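Engineer: Give me a model of this one.
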Amino acid sequence: MKTEGTIPFSGYQKIVIFILAMTQFTVILDFMVMSPLGDMLIKSLSMKPSSFGIAVSAYAFSAGISGLLTAGFADRFDRKKLLLFFYSGFIVGTFLCSLANSFELLVAARIITGLFGGVISSISMAIITDLFSLQQRGRVMGFIQMGFGASQVLGIPIGLYIANKWGWESPFVMVAAVAIIIAILIVVVLKPINKHLGLQHDRSAFKHLWHTVSKKNYRIGFAATAALSIGGFMMMPFGSVFAVNNLHVTAEELPILFMVSGVSSLIIMPLIGKLSDTVSKFRIFSIASIWTMLICGAYTNLSATPFWIVIGLNVLMMIGIMSRMVPSSALTSAIPDMEDRGAFMSINSSMQQIAGGVAAAVSGMIVVQQTKFSPIEHYDIVGYVVVVVTLISIFLMYRVNQLAKKKPATVSPEAEEPELVMSEF
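Structural biologist: So this is what the prediction gives:
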């Protein structure tokens, strides 16, 4: 088997990975915590279930719009300053969620949170691309995206526990408090990341946005991201409903199901990240995609099933999903040139958010439930659509892989290990 070789991390790079992983964790936790709070929010704010759906989707669509709006000037600022600005806005939006006393105010707070939080992932990706070589990014993505698994482990059980003890507002206060600590670390530890500023040629933000979108290679990356997001989000909105009403998972077992799935992702992501830096990233992605198609096809056709089998299938499905995320993120990060990385990552993140919102809407149009307690119908069709979209994503990621091979494997000068002193903001 041909190996690509591994490049060790410097001490400073390890600290950067920790900071970016924690920002990702807080942003995802803020999104994930909405799901277990659904019943409390509906009752406390006198909302209908459809209204709660609007409150959840408000974040995704505002995050997608934000990515497009910020893409034009994402490469015109020091990435540290840009990260701190949007992370500060995310903290404010999250805290405003805890103050909402009506459906309208909650939606407004979620829109604000999405406008700022939706850009943080793209800024982090641009920083990763600036500071880490392609041979390091698989491991970096593995650690950064552990936030997804950690949010499942912490977001649902701890969020419910805190909400039951101190009210539904308390989880948002908790996320904001943790985020403030991370923001301080960004100010104190992270060095300026501004080498890309000397490469800018576009005079206006709009021209830079158009310049980025007009590149064919970039559009291939955007299409691959959209396909991945559609395939990944279609089953998610009705996962709990399917588990309870079709598989007969009890309300007490549901948090355990999420916790076990989350723990499995925490274990698998660093392993896949390390593996993707030593063997072909596209090969790992392709194998994981085929794995995911088989598991999703089987899972969505289940009826009443023993709980231990449901847990096992969810773990297997999580392994497939996570094993696609890590190598695909690393490969996509290799497409943009340094002067376009901020804009590319912003648009890419926007495509991910919008595609996820579209996937949830399409899934809702397919699935039918006669009453609140009856099994949902046509969930198997959702599984078949996921299989088709996954096949398309394999083809698109093959194109991305071909583009990544043409990029030189270099390490940015910004990746050199500096002294850990108070940096200027």
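Engineer: next SSE after the one helix or strand Gly118 maps to?
Structural biologist: Using DSSP states H and E, Gly118 sits within helix 103-131. The helix or strand immediately downstream of helix 103-131 is helix 134-144, counting by DSSP H and E.
Engineer: still on that earlier bit, would you mark the buried spots in the helix holding Gly118?
Structural biologist: Buried residues in helix 103-131, defined by neighbour count with 16 or more other C-beta atoms under 10 Å: 103, 106-131. Glycine gets a C-beta too; all of them are placed from N, C-alpha and C.
Engineer: Return the distance of that helix from the chain's centre.
Structural biologist: Remark: helix 103-131 is offset 11 Å from the chain centroid, using C-alpha atoms, centre = their mean, to the nearest Å.
Engineer: For it, name the packing helices and strands.
Structural biologist: Helices and strands touching helix 103-131, by 3 or more C-beta pairs under 8 Å, 6 or more residues apart in numbering; DSSP states H and E, are helix 11-32, helix 49-71, helix 79-99, helix 134-144, helix 341-366.
Engineer: Now tabulate those helices in CSV and tack on distance to Val315.
Structural biologist: As requested, the helices and strands packed on helix 103-131 are exported to CSV (distance: least, C-beta to C-beta, whole Å):
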stretch, distance to Val315
helix 11-32, 18
helix 49-71, 25
helix 79-99, 30
helix 134-144, 17
helix 341-366, 22
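Engineer: which stretch among those helices comes nearest Pro255?
Structural biologist: Closest approach to Pro255 among the helices and strands packed on helix 103-131 (C-beta to C-beta): helix 11-32, 12.5 Å.
Engineer: now that closest one and helix 103-131, what's the angle there?
Structural biologist: 160 degrees (axes from the mean of the first three to the mean of the last three C-alpha atoms, to 10 degrees).
Engineer: send the alpha carbons of helix 11-32 over as PDB?
Structural biologist: Extracted in PDB, the C-alpha atoms of helix 11-32 (Å, rounded to 0.1, in the frame of the first residue of the first chain):
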ATOM      1  CA  GLY A  11       3.900  22.700  19.700                       C
ATOM      2  CA  TYR A  12       2.100  25.900  18.400                       C
ATOM      3  CA  GLN A  13       0.100  23.900  15.900                       C
ATOM      4  CA  LYS A  14      -1.200  21.600  18.700                       C
ATOM      5  CA  ILE A  15      -2.400  24.600  20.600                       C
ATOM      6  CA  VAL A  16      -4.100  26.000  17.400                       C
ATOM      7  CA  ILE A  17      -5.800  22.600  16.900                       C
ATOM      8  CA  PHE A  18      -7.200  22.700  20.500                       C
ATOM      9  CA  ILE A  19      -8.500  26.300  20.100                       C
ATOM     10  CA  LEU A  20     -10.200  25.600  16.800                       C
ATOM     11  CA  ALA A  21     -11.600  22.300  18.100                       C
ATOM     12  CA  MET A  22     -13.200  24.100  21.100                       C
ATOM     13  CA  THR A  23     -14.700  26.800  18.900                       C
ATOM     14  CA  GLN A  24     -16.200  24.100  16.700                       C
ATOM     15  CA  PHE A  25     -17.400  22.300  19.800                       C
ATOM     16  CA  THR A  26     -19.300  25.300  21.200                       C
ATOM     17  CA  VAL A  27     -20.800  26.200  17.800                       C
ATOM     18  CA  ILE A  28     -22.100  22.700  17.200                       C
ATOM     19  CA  LEU A  29     -23.200  22.300  20.800                       C
ATOM     20  CA  ASP A  30     -25.300  25.500  20.400                       C
ATOM     21  CA  PHE A  31     -27.000  24.000  17.400                       C
ATOM     22  CA  MET A  32     -27.400  20.400  18.800                       C
END
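Engineer: avg pLDDT for it?
Structural biologist: Taken as a whole, helix 11-32 has an average pLDDT of 84.
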